[in-house]
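**Student:** I would like the atomic coordinates for the input below:
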Amino acid sequence: MGNPLFQQNKNAGNNPLGILGQLKSMGPSDAVFNRMYNSNPNFRQFADSVRGMSPEEAFRQNGLDFSQFRNMKW
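**Tutor:** Model prediction:
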């Protein structure tokens with residue numbers, strides 16, 4: 001089972017690069033965000049909970065280390 005934020009994306013699983021690749025193929029980032037926000041209640045709840053936060057604050061709130069994400073090799 002994949003990340004619940006991406007529950008409708010069965011092919012990417014928990015692979016962040018797979019998820020990112022599939023998101024890129026969906027079009028402009030604002031269109032992808034709107035599509036996910038309107039169709040995925042888990043994503044909507046997450047987006048609403050971090051609205052107005054910096055990326056660092058959003059990561060910290062969710063128990064993640066932003067520096068690890070920032071230092072990932074894409």
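
**Student:** In three-state terms, label Y37 for me.
**Tutor:** Per DSSP: H, G, I helix; E, B strand; the rest coil, the secondary structure class of Y37 is helix.

**Student:** you'd agree it is up against F43?
**Tutor:** Yes. Assessed by CB atoms under 8 Å, Y37 is found in contact with F43 at 6.2 Å. Placement of C-beta: from N, CA and C, glycine included.

**Student:** what about those two, which has more around it?
**Tutor:** F43 (20 against 14; other CB atoms under 10 Å).

**Student:** thought that one was touching R35?
**Tutor:** No. In this structure, F43 is not within contact of R35 by CB under 8 Å, at 9.6 Å.

**Student:** Quick check: the gap between K24 and G18.
**Tutor:** Remark: distance between K24 and G18 (CB to CB, to the nearest Å) = 11 Å.

**Student:** More neighbours: which of the two?
**Tutor:** G18 (15 against 11).

**Student:** tell me which element that one is part of?
**Tutor:** helix 16-24 (DSSP states H and E).

**Student:** could you give the mean pLDDT of that helix?
**Tutor:** Regarding helix 16-24, the rounded mean pLDDT is 68.
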